[in-house]
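Asks: A structural model of the following input is requested.
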Amino acid sequence: MTMRLAQVVYTLTQFHTVQRVALRLDGEPVTVFSGEGIVLDRPQTRHDYEHLLPIIAVAGPGFDQESRARCG
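Replies: Below is the predicted model:
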């Protein structure tokens, strides 16, 4: 469940206008996520899930570079 929550946070914070994610259910703040009891005592950021990242993460080609991946 932590990975699912991290995916939501990373997906939403990919936009420069989104820095933190606060979850709400029926308009009420979610303070505990799932039956596993993940406590959400404040809006979540990418920093909260950095420990789940792989050692090497590639988001895409670098600045001014083309992707060299070939399919088939």
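Asks: which ones are touching the most centrally placed residue in the chain?
Replies: Taking C-alpha atoms, centre = their mean, the centroid of the chain lies closest to residue 10, which sits 2.0 Å from it. Going by C-beta atoms under 8 Å, 6 or more residues apart in numbering, residue 10 touches 46, 49. Using the backbone N, CA and C atoms, a C-beta is placed for each residue, glycine as well.
Asks: low-scoring stretches of the chain, by residue?
Replies: 57, 65-72 (pLDDT under 70).
Asks: Show me where it has its strands.
Replies: Applying DSSP state E to the chain gives strands spanning 24-25, 28-29, 32-33, 38-39.
Asks: Export the ones you listed to TSV and append columns for mean neighbour count.
Replies: Listed next are these as TSV, based on neighbours: other C-beta atoms under 10 Å:
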stretch	mean neighbour count
strand 24-25	8
strand 28-29	10
strand 32-33	14
strand 38-39	12
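Asks: Same list (these) but as TSV, adding distance to residue 60.
Replies: Conversion of the strands of the chain to TSV gives the following (distance: least, C-beta to C-beta, whole Å):
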stretch	distance to residue 60
strand 24-25	31
strand 28-29	34
strand 32-33	29
strand 38-39	29
